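Visitor: Got a sequence here, can you build the structure:
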Amino acid sequence: MVVSNHDRESERVGAELRRFGRESGEERLSVVSSFEPAGDQPQAIQKLTRGIEEGLRYQTLLGVT
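Guide: Below is the predicted model:
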């Protein structure tokens, strides 16, 4: 499956998304929303961010609806 994102093409391989022609860490992911995190979302965001910074390859969200 090929995913197009502007001028980039990506290939989905299992649970991974590989970007062609891009080096890891070259671009930052930015989420923009008019909604504020509520409930336990701020803590979940912090934990996911920490996992990314620590190089965890896989993380699981529990109770996501």
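Visitor: Where do the strands of this protein begin and end?
Guide: Under the criterion DSSP state E, the chain contains strands at 2-5, 8-13, 16-19.
Visitor: how many neighbours does Val31 have?
Guide: 5 (other Cβ atoms under 10 Å). The way it works is simple: take the backbone N, C-alpha and C, and place the C-beta from them, glycine included.
Visitor: Low-confidence ranges, the chain, go.
Guide: Within the chain, the stretches with pLDDT under 70 are 1-27, 65.
Visitor: What distance do you get for Asp40 to Glu54?
Guide: Separation of Asp40 from Glu54 (Cβ to Cβ, to the nearest Å) stands at 20 Å.
Visitor: Val32 too?
Guide: Taking Cβ to Cβ, one finds Val32 at 25 Å from Glu54.
Visitor: Which one's more surrounded, Asp40 and Glu54?
Guide: Counted by other Cβ under 10 Å, Asp40 and Glu54 do not tie: Asp40 has more neighbours, with 10 against 7.
Visitor: can you give me the helices in the chain?
Guide: 41-53 (DSSP state H).
Visitor: wait, doesn't Leu48 sit right on Leu62?
Guide: No - applying Cβ atoms under 8 Å as the test, Leu48 and Leu62 come out as separate, 11.9 Å apart.
Visitor: Which of the two has more residues huddled nearby?
Guide: Using other Cβ under 10 Å, the more surrounded residue of Leu48 and Leu62 is Leu48, with 13 against 5.
Visitor: Look up the closest residue to that one, ignoring the ones flanking it.
Guide: Nearest in space to Leu48, with sequence neighbours left out and distances taken as Cβ to Cβ, 6 or more residues apart in numbering, is Gln59 at 5.9 Å.
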